[in-house]
Each structure stands twice: as structure tokens, then as C-alpha cells.
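Novice: Structure for the following, please:
(2 chains)
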2 protein chains.
Amino acid sequence: MNGAECLLRTLLANGIDTCFMNPGTSEMQFVAALDRVPGMRGVLCLFEGVCAGAADGYARMLGRPAATLLHLGPGLGNALSNLHNARKARSAVVNIVGQHSTGHLRYDAPLTADIEAFARPVSSYVRTVERADDVGKEAAAAIRAARVWPGQVATLIVPADFSWSEAGDPAAAGPLPRRAVATSDAVRAAAGALGSGEAAGLLLGGGTAFGAALEWAGKLAAGTGARVFANRYSARLEYGAGKFAPRRLPYFPEAAQAELAGLKHLILVETKPPVSFFGYPNYRSSLAPEDCAIHALATIEEDGTEALARLAEECGVSSITPERAGAAAVELPAGGPLTADAIGRVLARLVPAGAIVSDEMVSSGEAVSRNLERAAGVDVLPVTGGSIGQGLPVAVGAAVACPGRKAIAVEADGSGMYTLQALWTMARERLDVVTVILANRRYRILDVEMRRTGAGPIGPLADRMLDIGRPDLDWVKLAEGMGVEGSRAATVDEFIAQFGAAMEQAGPRLIEAAIGE
Amino acid sequence: MNGAECLLRTLLANGIDTCFMNPGTSEMQFVAALDRVPGMRGVLCLFEGVCAGAADGYARMLGRPAATLLHLGPGLGNALSNLHNARKARSAVVNIVGQHSTGHLRYDAPLTADIEAFARPVSSYVRTVERADDVGKEAAAAIRAARVWPGQVATLIVPADFSWSEAGDPAAAGPLPRRAVATSDAVRAAAGALGSGEAAGLLLGGGTAFGAALEWAGKLAAGTGARVFANRYSARLEYGAGKFAPRRLPYFPEAAQAELAGLKHLILVETKPPVSFFGYPNYRSSLAPEDCAIHALATIEEDGTEALARLAEECGVSSITPERAGAAAVELPAGGPLTADAIGRVLARLVPAGAIVSDEMVSSGEAVSRNLERAAGVDVLPVTGGSIGQGLPVAVGAAVACPGRKAIAVEADGSGMYTLQALWTMARERLDVVTVILANRRYRILDVEMRRTGAGPIGPLADRMLDIGRPDLDWVKLAEGMGVEGSRAATVDEFIAQFGAAMEQAGPRLIEAAIGE
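Specialist: Sure thing, here's the model as predicted:
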């Protein structure tokens, strides 16, 4: 078999059955092999940033990698910003990047570039295949690298001639690595902090911001009085009825510092110490109080859920019942202006249990999220790396990963523009994604950041760089232009009607919500 | 003054008065300074790939750099693929990239990344400012690097706190460097080749594919019988009436090799030896005949126009009149299907003299171009690095650079989708750009490349990865969604009417041309 077929068989043999792709000439053999080797779902994206964000969303939901297929250095280049987010999410991703045939490289043709250099800033593992015989072995090694707990971005570069040459056999990546567990010292130190009589908190990240870990954290809160927080930049958060609800740390440092005020101990679970998103003149970047001792119960690589269970045992709280969020008690807003708060209330009330929310709301985030926390149980996929343009692609990946669940992308209008091509893939694949565009026609967050960075008043020239109206974006037309049904809601009642209808139907849908302040 | 103002003043003092930007928090001081320091035209782009492509187009037309303003590593990441094209075009570009404040960096906040590593694959010069006092000096050094003949991509990374801190004075980049001239040996060797009695050719690139160099090349052709070719991946080509017309080498290697067949000498002027775009099984990558001697009259860094003049002198052909293309003699097509050939004829007939054509036509390129070569004089900005998504942004930059001239982006539908956000900037700035989308609803070139790479028949799964219909893109709605007037032409008559009207009006306009085979 040729190298492309060997590569495809190796991916499939190791559980990778989805490939988000934007192929070019160097990848044609891989594309042709899709028909000869059954089992791979190829998902075409019209821009590589969509491939990368989709692979991130897929991994966040399933905990295992999808592949991407990208064309040479510039194709990978277009994927980098969402791969940055995937790296920060610790998502497992296997990038397959075509390279010129080895004999062609020395001619410095137009597309020739240093692909490894493109890959390095976002990849934990970068490797170029050196012989056609090695394709299977190298693909298996890349998959193994991607699956290092909790996940890594691995990039494998495949020269075109190794795809069309005879290659060796497909290879096995081997069993999933065993996940490291927290040390007994770490568990004892955390128990000591919780039993110290001083104010103590837990900060949950990684795999502990959703699922079984929440129950253990809730027991610790109920039994020891610890305050429990979630890292707002976690790959996945779980909200809603029946779940213990950690406090999600706010975006701005003053508010986050106020949440953490008074703590003498902060116990980290699969996360680093909390830090503000940006540094500002005369502000501390670190969010924990200066006299707060930081304890790492479990590192990002270790199994925090298991560590929380051991900690609960150590603290003698294993059988305590945690406080759980009640069933949704949010009232739909009765008319009034269409604010972010009103949208949040509509979402909280109408989003079905088990939905997935891709959250890139930026300046509207706090107002929507404080309502969404009272929704029926949802998984939320937040911003992890801060690279704009994540929301729609991540929704694509989550919807591909979880076909039985409703996906909702709640997206700022400015952010949505970076990777709007994701809408086409939603239409192509008939994904059950409802996109809500929070259209304030401005990079609104920058009004705030302008003040915070001490940049002074916003003059007319600066204003033009923050204003994304003039002309207004028409998201209904943009959606329809890519085959997605769209509508605009300018009032609360319109939004309730449109969003409610969208919850009742399957398939892609976009609602442009014209929000006021 | 603070660092942002010093930076802005340094750019202006050194002739950089246009900045294509997509700023974030770290760049707010620079944006605020736009109102305090007059003279900088800030052009907002809703995606960084548009900024980069626009800076490339600007430099290709004016031969001097614009700046970009980009937000941290991921913002630069989104610009990389079009910066790759700018690097291959040898366009002068000064990227200003914000970085976290120096005190914030050690916390590894979400957006923290190795910005220098992001910059390196596309930049000839990368530098991070290390002290606020150095902002002016470092900005001047970056400008100097960008202006190294014929131009380079220079990236300057500016930590946020150096923007808000007191900084030193603006600095001067110094006079434009003197351009190196070809050696006398090179001129004599080229003259020897032309006088050898053996078949000889010239290959023009860089600054010799347009302007005064064409006249010298034409004299050499007329006086010595040399065949004259243009590198199809040049930054800028000039076509049309009144100009000597070099042959543009075709895309596919067989056709290019046929053009060069029989040559015993090929004289390179501001270009490297010709090479095929991709390597294929059992094909040579090099396009010149195997027994053809290659002579470098002028390297890419040297002044090829001056070298051609000296060569003409050496050959005694300075006063010969070259053969020049006649006035446009293209007939408008009379009905019939709307093919690429018909579109090329309409363009050749209706594009006004002095227009600028941004060419990313891909599979339709040959059919359109062979007609466009008979247009009234136009400057064509071709694909240089092969990274898809160049056409619309380059048109933005060319239109900003040359406000009195009509710009026409002739764009494939697949390629256009990578950076369609450029349409919004055309609307915002009221740029005089007419975009023609050649809509065949397919990555058509890959049908050919699939065969050429020996990948075999296209099965149904592979077909879905080449087909960008299902659903169809509606470019009229996409354009209108970003504030650009759009229309669809399905017949020759409709295209003539719409394109003709677009030539008569100013401002942005898009025509989706539904082309058959």
C-alpha cells in the first residue's frame, strides 16, 4: 500500500476516525485513499482555522483526538491561532501536514517554507517523516504524543512522495498511557490546608471542571467549608441543574481578586495559579491574595478527579451530599430591550439539558453566563487561549463529536468574523448547531481595555478602529451566503420566538441578536 | 511622550503613513495615539490575514512599506499565510505586534505564546523591544530592515508596558539603502550568451517584470533574437498596449518546459531559475532544459533594470525600437456560455488603462490571462507564494496605495473564502475595487492535481473534499453581508452588463460569475 493509505489505516487503527480537512495538491493521495479505506469521516472546512478549532472542540468533548489535514506551511499557518487555543485547552490533536515531495524541496518553489517552524509555537510534538517506510511508525508516534495526558497538539509533516510511494505497514500507537496520579504528599498537604481552620479554596481546571469531579468538590465544600472555583479558561465547564456549581472566576482582575479575597490557602486541581488575562498599569497579574498559600493537589498532567476523591476520603467527607444547583428557575424576560442579560435568561430557560455551549461572548460574556449557570445541565466550551475566532469552529467540532446533542455557539460579532467560514461546514454536514451572534457592532471589550490600559479618551480616529459598524455586518446574509438559515432578532420577543423555534428544529441555524447595552 | 506615540512618530518620520490593523488590548495605546499624532491612516481589517495581504499589495504597488498592527502571537499567526506570500514577493512590510506587558509574561496567561517563533518562518527580521527607551531606535531598525532591497518582512514585537511608559525620542531609519548593481562580469557573460549564436532567453522577475525594464528587454529581444519570459510568480507584472510583452511562463511544468525548449542559455534578471509549482511523480521540477546554461545577470537584490540597460548597451541594441503590444483588439464575446475565456475577453476589452488586477484565479487563470494580456495597460499582482487567500487582501492594499486607479480582484470562489473579510474593508474605506468571483463551486485545480499526483480516480468520498458546492456559496449575499454591492452573472450578456457598469462607477462592487467549463 502507498504511504497515504498506510497513514489512513494507522489513524483508523488507533481510533482516529474523523479528519477536519482543507487539502491541496500534496494531500491528494490521502484524499483519494478515503474511498479505498473505509471508516474515516472527512469534514471539509473552507479555511484551516476552522479545521483546527473543530479538532479542538471535538477533543474537548470526547477526550480523544481528531486529525486535521492541512496543506503545507501556509495551510498550517492559517490553523495556528486555533491550535494555540487547543494547546492551552490541552486538547489532543493530530495535525497531518503535507510537504512538497522531497526531490522538489531544494528548488525553493513558491509554497516552500519551513513547516516545522510554523508548527513549533503551537505543537508539543513536531516531526517530519524521513522515509516512506516510516509513515506508519511515525503516524503512530504522533498519535501517541497527542494522547499524552490530558492531550497535546502533535504535528506530523508528510512529504508528498512518501504518500504516493510504497510504504510499510500501518502501526499501533499502543495502549493509552496510564494517567499519573497525585502524590500522597499533595493529598495530605491539601487536607492539611482544608483542616487548618483558615479560609481555603479549591480551583478546578482540566478534567475537574465537569463530570464526576464536581461531585467530589461539592462534598469537600459541604464538609470542610472550602470555597470552590473553576478556572474560567478551562477546556470544558459543566453548569446547571443537579450539579454542584463551582464559582467561575470573573474575567477582570479586580472582580476575580474580590472572589478570592481572604483565602489563606488555594488548592489547585489540574490548573495553574489563577492569573489575569492581561497585565495593566499598576495592577497585580496574580489573582490569589498575596498571603495565600498555593497548593497543587494535582498538576495538569495528573488525574485530578481521582485526587479529589482521595482528598475527600482523607477529609472524611466522602459520604456527604453536596449542594446541587436546582432545576432551572429562570423566568423569560417580558419584553424590554434585547440586552445580553435578557439573552442569557432566554438561553437559561430554553436550552435543553445536555446541550453544548461554545462560548466566545467577549464583552457580553458575564451577563449571559450568570444566567446560563442556572440552565438545565449544559457543557460549556470556553475561551482557553484567547485567540479570537474559536467559537464557531469549536461548535463544529463539538457537534461532529456528539451528534445526539444540541450545540449552541454564542458568539460576539467581532469574534465571529475571524472564522465565519465555519458556517459553511455546519451547512455541509447538517450539524445541529444554533449560532447566536451578539451583535453590538463594535469591538466593545476594547472600549473597556482602552481605559484600563490608560490609553486615555477615544478620539475619532481611534473610534474607527473599535467600531465594526460603518458598514454594519449583516449576519443573516452572511449565514445564508453559506447555506445556513438566518434571522435577526431586534427585540426580546423576536429573540424568544426565534431561539425557541431553533431549539425545536434540528440542523444549523443562525440568529443575529441586535443587542443594546 | 509614551512608547506608542514614539512608535507612531517614528513610522511617520520614515515615510510609513498607512497601517492595516486589527488591534487588541496590548495595542490600545497605539490606537489612542492615532488622534494625537496626525498623519497615519489606520485601515481596520476584521481578520489579520487581510492586514498582511493588504500590506503586501500596498508594497507591490508603491515599493515601500506599510505597517500592520497585530495582536500578540495568535494575531500574528492569522497573518502568516499572507506574510508568506509577501516574503516570496519580496514586499517591504513592517509588522508591529503587541506583546503582554513584561511583568505579565511570566504568568503564562492564556494569550501568552512565543511571538518570535510565530514571526520567524515569514520574517527576515524579528526583534522584541527590550526597554521603553529603545522603542524609537528599534522601530527605525525594523523599518531599515524592511527596506533592504527589494524589500523584506520585518517584525517588531512591542510589550504593552513600553507603549504606556515614557519612551525616548522618535528615530530616523536613515536614507534608503543604495541598491546593489550587477557586476560587470555578469553583464559580459550575459552579452556573451546573447551573442553566442545559440538560442538564448531572458527571464524577468522582481522589478523587471514591469516598468522601464520591459523596454530594455524588448530592445534585447528585437536586437539579439532572445526570447523573453516573465516569472509568473513575480510580485507585479505589466501587460497591455504600448508595452513590450514578455511571455509569462505557464503554471504546469510540461507547458513551461515547452516554452523554454531549445534554449541553450537562460539569463535570470531579479529571479531564481524557473521551477514548477509542485513536484510530481516522474517529472522534473526544474523548467529550463537540462543542457541550458543558467546566467544570473542580476540577483533578486540587485538592480535588474539598470543591468538590462547595461546589457543592451553591451549588445549594441540600446536604440532599437522594441516590438510593443498593440491597442486592445479583443472582441467582446457574443453570447454563449460564461466561460473563463469569455470572462477574460470581457476583462481585456473593458478594463481601463492603468487598472490594477489582483490575480488569484487558480484553475481559470490561463484562460483569463491569455486574454488579459491584450488589455489596455494594466498592472497585474499575481500569486507569489501560493498561499491561498491573497487576492482580495492584495486588492485592498493596492487600492489604498493607488486611490486614482481602478482595482480589480479576479478571484476563484474557493480561494476567496479564506479571506473574504477583505470585502468589509473595501466597503469601510469605499475602495474602488471590483471583485469578480469565478464561481465553479469546486476546488477545480485539485481535479487536475489529483490526476497528476497519481492518486487515481476520484471516488465519492474524495469528491466531497473537492466540491465546495452542497451547499452552494452565495457570493452576492456574502458581499452584501459586508456592505459591498453584489450581483450574479450567469450568462455572457449579464457579465458584460454588470462588469461594464462596474467599470463606470466608483467604489466596491462584487460580481459572482457562474462559470462553466
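
Novice: Around chain B, pick out the residues from the stretch 201-350 of chain A.
Specialist: If contacts are counted using CB under 8 Å from any CB of the partner chain, the residues of the stretch 201-350 of chain A sitting beside chain B are A:233, A:272-273, A:275-281, A:285-286. Quick note: C-beta positions are derived from backbone N, CA and C, even for glycine.

Novice: make it 10 Å
Specialist: A:232-233, A:272-281, A:283-287 (CB under 10 Å from any CB of the partner chain).

Novice: Apply the buried test to those residues and list what passes.
Specialist: Those of these that meet the buried threshold are A:232-233, A:272-280, A:283-287, by 16 or more other CB atoms under 10 Å in any protein chain shown.

Novice: what about the closest residue to residue A:244 other than its chain neighbours, which helix or strand?
Specialist: On the basis of CB to CB, 6 or more residues apart in numbering or on different chains, the spatially nearest residue to residue A:244 that is not a chain neighbour turns out to be residue A:218, at 2.9 Å. With secondary structure defined by DSSP states H and E, residue A:218 is part of helix A:212-224.

Novice: quick one: pLDDT of the residue of the stretch 201-350 of chain A found nearest chain B?
Specialist: With distances taken as CB to the nearest CB, the stretch 201-350 of chain A approaches chain B most closely at residue A:279, which sits 2.8 Å away. As summarised for this prediction, residue A:279 has a pLDDT of 93.

Novice: hang on, the earlier thing: quick check: which helices or strands does the helix holding residue A:218 pack against?
Specialist: Here helix A:212-224 is seen to pack against helix A:184-194, strand A:200-204, strand A:227-230, strand A:237-239, strand A:265-269, helix A:304-315 when contacts are counted using 3 or more CB pairs under 10 Å, 6 or more residues apart in numbering or on different chains; DSSP states H and E.

Novice: got the CA positions of that helix in CSV?
Specialist: Backbone C-alpha positions of helix A:212-224 (Å, rounded to 0.1, in the frame of the first residue of the first chain) are rendered in CSV as follows:
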residue,chain,number,x,y,z
ALA,A,212,-17.6,13.3,38.4
ALA,A,213,-15.0,15.7,39.9
LEU,A,214,-17.7,18.3,40.6
GLU,A,215,-19.4,15.9,43.0
TRP,A,216,-16.2,15.3,44.9
ALA,A,217,-15.5,19.1,45.0
GLY,A,218,-19.1,19.6,46.3
LYS,A,219,-18.5,17.1,49.1
LEU,A,220,-15.4,19.0,50.1
ALA,A,221,-17.2,22.3,50.0
ALA,A,222,-20.0,21.0,52.1
GLY,A,223,-17.8,19.1,54.6
THR,A,224,-14.9,21.5,55.0
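
Novice: So for that helix, what gets flagged as buried?
Specialist: The neighbour-count criterion (16+ other CB under 10 Å) identifies A:213-224 as the buried residues of helix A:212-224.

Novice: And residue A:150, its phi and psi?
Specialist: In terms of degrees, to the nearest 10, the main-chain angles of residue A:150 are phi -80, psi -10.

Novice: show me what contacts it?
Specialist: Residues in contact with residue A:150 (CB atoms under 10 Å, 6 or more residues apart in numbering or on different chains) are A:59, A:63, A:89-92, A:179, A:205-207, A:235, A:270, A:300-304.

Novice: Domain-wise, how is chain A divided?
Specialist: If you go by automatic domain parsing, the domain ranges for chain A are A:3-164, A:184-315, A:340-514.

Novice: Tell me the spacing between residue A:54 and residue A:383.
Specialist: With distances defined as CB to CB, to the nearest Å, the gap from residue A:54 to residue A:383 amounts to 16 Å.

Novice: Show me which of these two is the more surrounded one.
Specialist: Each of residue A:54 and residue A:383 has its neighbours counted (other CB atoms under 10 Å in any protein chain shown); residue A:54 has more, 34 against 26.
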